[in-house]
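In: turn this into a model:
(one chain, ligands or ions: 1)
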Amino acid sequence: MKKVKVRFAPSPTGPLHIGGARSALFNHLFAVHQDGEMVLRIEDTDLDRSRREYEEEIIDSLKWLGINWTEGVDVGGENEPYRQTERRVIYEDYANKLIESGQAYYCFCTEEELEAERQALLAEGQIVRYSGKCRHLEQEEIAQKIESGIKPAIRFKVPANKIYVVNDLVRGRISFESDNEGDFIIIKSDGLPTYNFAVVIDDVLMGISHVIRAEEHLSNTPRQLMIYDALNFKRPDFAHISLILGSDRQKMSKRHGATSLIQYREMGYLPEALFNFLALMGWSPEGEKEVLSGEEISGAFTLDRVAKSPAVFDLNKLNWLNQQYIKKLELEELKNLLVPYMRDSDFAEEIEKLDEIKLYMLIKAVRDHLICLADIKKELRVFFADLQYEEEALEVLREPGVLEVLQYFTNNFPPELNVEIINEFIKKIRKELKLKPRNVFMPLRCSLSGKTHGPELPYLISIWGQGECLRRIRQSMDLIMEGKE
Ligand code: GLU
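Out: Reported below is the predicted structural model:
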């Protein structure tokens, strides 16, 4: 069996998006499963849109997600360089070979000429493709034009009447007719290669065995197959993975919320959760289990379980997965992850003043409510914002018997606090006043926090301590008394 070698080849024209991350991940999983290798190549031939900052951001996002490669732009390797703009001479060389063998030619058509040709075809209702005008220029004419300073593009001569077939590992057998394609540019007049040309040269020279990429590149595949054949290159296997749709089944876009990995990272989605989530977008293992470790996923990952139908981005599922991963974290790890968000909240000062024990208590109190790490910012409100009452809480405070509970709580507040002591204390209130649990819990919760729901009461009480608890109870008692006047 041939050694598996895959590549991820992003264009650094923006941050890494969910779709790109999923393509990178499928390549990674396939390589790990097959004990193969992965290359990271940067396709930066669009000079207007490519930026070095994006390249760095993409690499950062990939590493954060847990994807690694053995060869590529940042780690080097035997096929350097890994940025296409640094490989121009290689492409030129192959383009010249195609010219020599009569399979490509210089094209001197200007933008304006091409546009006029395009408009004329559109007006006649014909398929828009290059007329082949420069196909038959005489050698002399070519030399003259070049000498006069005109920079030509190089076009590939599309063979007539040929059928190109690919056995896509996800989509099955697909055939393309060459007659649907006009002669296409392989080297632009500025000397840079086009994507369809450079990608083939690089995949071959870098020894890529499997090209796994987004379905939107399927339409590019016929042109690439033509180049493979024209240069007598052995083709890799292809696997085109389906589109990602938003929940409304439209192509995923900014309208559907965050699309870049950085945004998810900043919101506090854990890389393990996104890894798990992205793997399940278009691939499914046998069985029902959905929370899967990286090893479990790569251990089970095969292309025959990748779906042909579009994957739907289900934010609820991502949220659920992230919650599962947050619950699984060791408390200390979770604390380290949460502290930067807390410091960035409205309550940074209060957090600075908390001792370690209380900080841990606070985290324990809220961890099950966190969908993502940034949620801690709003969770902190209940601990540190001024006491404000929700309507439901006010209703509870208006119930009979509440004042007695609050009075008892104030008069018998334990001198020392921890979760156990508070639980005992609450039990004692119930017994002494002969009340049902709800009739103790709810008045205390509502008068202390102003809400009917929230973190467990013993944690809240421990963190506030006696002074703050009694101040809050006093405020609520005053409110109840006012209502009675
Ligand atoms: N540079 C292309 C992209 O970012 C890569 C396509 C491919 O994998 O062949 O979409």
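In: measure how buried the residue in the stretch 351-485 of the chain positioned nearest to the ligand is and give me the count.
Out: Using Cβ to the nearest ligand atom, the point where the stretch 351-485 of the chain gets nearest to the ligand is Cys372, with a distance of 27.6 Å. In short, each C-beta sits where N, CA and C put it, glycine included. With neighbours defined by other Cβ atoms under 10 Å, the count for Cys372 comes to 20.
In: before we move on, what about Ala300?
Out: There are 18 residues near Ala300, going by other Cβ under 10 Å.
In: which elements pack onto the helix ranked longest in the chain?
Out: If you go by DSSP state H, the chain has its longest helix at helix 457-484. Secondary-structure packing of helix 457-484 (3 or more Cβ pairs under 8 Å, 6 or more residues apart in numbering; DSSP states H and E): helix 356-366, helix 376-384, helix 391-397, helix 402-411, helix 419-433, helix 437-449.
In: tell me how many other residues crowd the residue nearest to Met361 when sequence neighbours are not counted.
Out: Distances taken as Cβ to Cβ, 6 or more residues apart in numbering place Tyr459 nearest to Met361, at 5.2 Å, with adjacent residues excluded. Number of residues near Tyr459 (other Cβ under 10 Å) recorded here: 21.
In: ok, Ala365 next?
Out: 22.
In: equivalent analysis for Glu332, please.
Out: Around Glu332 there are 10 residues (other Cβ under 10 Å).
In: after the host helix or strand of it, which helix or strand is next?
Out: Following DSSP states H and E, one finds Glu332 within helix 331-343. Next along the chain after helix 331-343, taking DSSP H and E as the criterion, comes helix 348-353.
In: what does that next one rub up against?
Out: 339, 342-343, 345, 359, 380, 383-384 (Cβ atoms under 8 Å, 6 or more residues apart in numbering).
In: repeat that with 7 Å
Out: 342-343, 384 (Cβ atoms under 7 Å, 6 or more residues apart in numbering).
In: show me the contacts for Arg367.
Out: Counted by Cβ under 7 Å, 6+ apart, Arg367 has contacts 326-327, 334.
In: what does the stretch 151-300 of the chain put close to the ligand?
Out: 199, 213, 217 (Cβ under 6 Å from any ligand atom).
In: repeat that for 5 Å
Out: With the criterion set to Cβ under 5 Å from any ligand atom, the stretch 151-300 of the chain comes near the ligand through 199, 213.
In: what is the burial count for whatever residue of the stretch 151-300 of the chain ends up closest to the ligand?
Out: Residue of the stretch 151-300 of the chain nearest the ligand, by Cβ to the nearest ligand atom: Arg213 (3.6 Å). By the criterion of other Cβ under 10 Å, Arg213 has 24 neighbours.
In: tell me the contacts of it?
Out: With contacts defined as Cβ under 7 Å, 6+ apart, Arg213 is in contact with 23, 240.
In: that older thread, considering the contacts of Arg367, which possesses the most neighbours?
Out: Among the contacts of Arg367, Ile326 has the most neighbours (other Cβ under 10 Å), with 23 neighbours.
In: show me where the stretch 1-150 of the chain has helices.
Out: Along the stretch 1-150 of the chain, counting by DSSP state H, counting those that start in this stretch, helices occupy 18-33, 52-65, 88-100, 111-123, 139-147.
In: looking at the ones you listed, which is buried most?
Out: Of all these, helix 18-33 carries the top mean neighbour count, a mean of 24, counting by mean count of other Cβ atoms under 10 Å.
In: okay, angle between that helix and helix 52-65 too, please.
Out: 50 degrees (axes from the mean of the first three to the mean of the last three Cα atoms, to 10 degrees).
In: if I look at the residue nearest to Met361, how far off is Leu243?
Out: 45 Å (Cβ to Cβ, to the nearest Å).
In: again with Lys2
Out: Lys2 sits 29 Å away from Leu243, taking Cβ to Cβ as the criterion.
In: who's more crowded, those two?
Out: Neighbours were counted for Lys2 and for Leu243 using other Cβ under 10 Å; Leu243 has more, 16 against 12.
In: now Leu359: closest residue in space that isn't a chain neighbour?
Out: Lys335 (6.6 Å).
In: residues near the one you found, how many?
Out: Neighbour tally, Lys335, other Cβ under 10 Å: 18.
In: please apply the same query to Val382.
Out: Val382 is flanked by 18 other residues according to other Cβ under 10 Å.
In: ok, it touching Gly454?
Out: Yes: between Val382 and Gly454 a contact is recorded at 5.1 Å, counting by Cβ atoms under 7 Å.
In: quick check: phi and psi at Arg41.
Out: phi -110, psi 140 (degrees, to the nearest 10).
In: show me what contacts it?
Out: Going by Cβ under 7 Å, 6+ apart, Arg41 touches 7, 9, 72-73, 82, 202.
In: same check, this time on His369
Out: By Cβ under 7 Å, 6+ apart, the contact list for His369 reads Glu379.
In: and with 10 Å instead?
Out: For His369, the contact set (Cβ atoms under 10 Å, 6 or more residues apart in numbering) comprises 323, 326, 375-376, 378-379, 453-455.
In: ok, Glu356 next?
Out: So Glu356 contacts Lys335 (Cβ under 10 Å, 6+ apart).
In: same question for His217.
Out: Neighbouring residues of His217 by Cβ under 10 Å, 6+ apart: 23, 195-196, 199, 211, 224, 238, 240-241.
In: just the residues you listed: which are in strands?
Out: Per DSSP state E, strands hold the following members of the contacts of His217: 211, 238, 240-241.
In: would JSON lines of the residues you listed with neighbour count, pLDDT and distance to Ala160 be doable?
Out: As requested, the ones in strands among the contacts of His217 are exported to JSON lines (neighbours: other Cβ atoms under 10 Å; pLDDT from 0 to 100; distance: Cβ to Cβ, whole Å):
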{"residue": "Val211", "neighbour count": "23", "pLDDT": "98", "distance to Ala160": "26"}
{"residue": "Phe238", "neighbour count": "21", "pLDDT": "98", "distance to Ala160": "24"}
{"residue": "His240", "neighbour count": "24", "pLDDT": "98", "distance to Ala160": "26"}
{"residue": "Ile241", "neighbour count": "28", "pLDDT": "97", "distance to Ala160": "32"}
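In: and the residue of the stretch 151-300 of the chain closest to the ligand, bridged to which residues?
Out: Beta bridges link Arg213 to His240, judged by DSSP bridges.
In: neighbours of Glu349, just the number please.
Out: Residues contacting Glu349 under the criterion other Cβ under 10 Å number 9.
In: and it, what pLDDT?
Out: Glu349 is assigned a predicted lDDT (pLDDT) of 97.
In: what does His256 give?
Out: At His256, pLDDT is 81.
In: for the closest residue to it other than its chain neighbours, which residues are in contact?
Out: The shortest distance from His256 to any non-neighbouring residue, by Cβ to Cβ, 6+ apart, is to Gly246 (3.7 Å). Each residue near Gly246 by Cβ under 10 Å, 6+ apart is listed here: 252-253, 255-257, 259, 312-315.
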